[in-house]
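S.K.: fold the following and give me the result.
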Amino acid sequence: MQRRLILSAIAALLGMALTAQAAGPSRGQRNKLTQTQEAYVAAVRWSDFEAAERFIDPAYWQAHPLTDLQRERYRQVQVSNYRERSTGVAADGAIERRVEMGVINRNTLAERTVMVTERWRWDPEAKRWWQAQGLPDLWQGQ
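M.R.: Next comes the predicted model:
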């Protein structure tokens, strides 16, 4: 009987822990996420991709460094709009956000719309959020 009670208590505690994790980040983490995303959006919206690079996960940069050609391609575009379409919490606690972006080629003045997925990861050591997908892919299908 006592063993059953202990097992029930353990199961209840495990259930509460899983529920807390599924609920997503804490209030403080959500506040930091909002501040971080607002600063990132401002950089991207003003086509300041060098400033936006500071929000990208260092582990991503190590695995996917930008080439000079890629940097030059970012200099050739102007972001005309940036709209969040959906957001959710992934199983690992990361925040995934779908964004619609308008992009204008500075040479041809042709505008197009691209859908981008951002994945925001909490870094407990640095106590900050990192965008773990890299800079937006503005040349999808080209």
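S.K.: in a helix, A42, correct?
M.R.: Yes - counting by DSSP: H, G, I helix; E, B strand; the rest coil, A42 is part of a helix.
S.K.: how many residues are close by it?
M.R.: Here the number of neighbours of A42 (other C-beta atoms under 10 Å) works out to 13. In short, each C-beta sits where N, CA and C put it, glycine included.
S.K.: one more: W130?
M.R.: 20.
S.K.: residue contacts, the closest residue in space to it that isn't next to it in sequence?
M.R.: Nearest residue to W130, sequence neighbours excluded (C-beta to C-beta, 6 or more residues apart in numbering): D57, at 3.7 Å. When contacts are counted by C-beta atoms under 8 Å, 6 or more residues apart in numbering, D57 touches R121, D123, W130, Q131, A132.
S.K.: try it again with 7 Å
M.R.: D57 is in contact with R121, W130, Q131, A132, counting by C-beta atoms under 7 Å, 6 or more residues apart in numbering.
S.K.: OK, contacts around the first one?
M.R.: Contacts for R121 (C-beta under 7 Å, 6+ apart) come out as D57, A94, W129, W130, A132.
S.K.: next up, identify which helix or strand it is on.
M.R.: Take DSSP states H and E as the rule and R121 turns out to sit in strand 111-123.
S.K.: buried residues in that strand, which are they?
M.R.: R112, V114, V116, E118, R119, W120, R121, W122 (16 or more other C-beta atoms under 10 Å).
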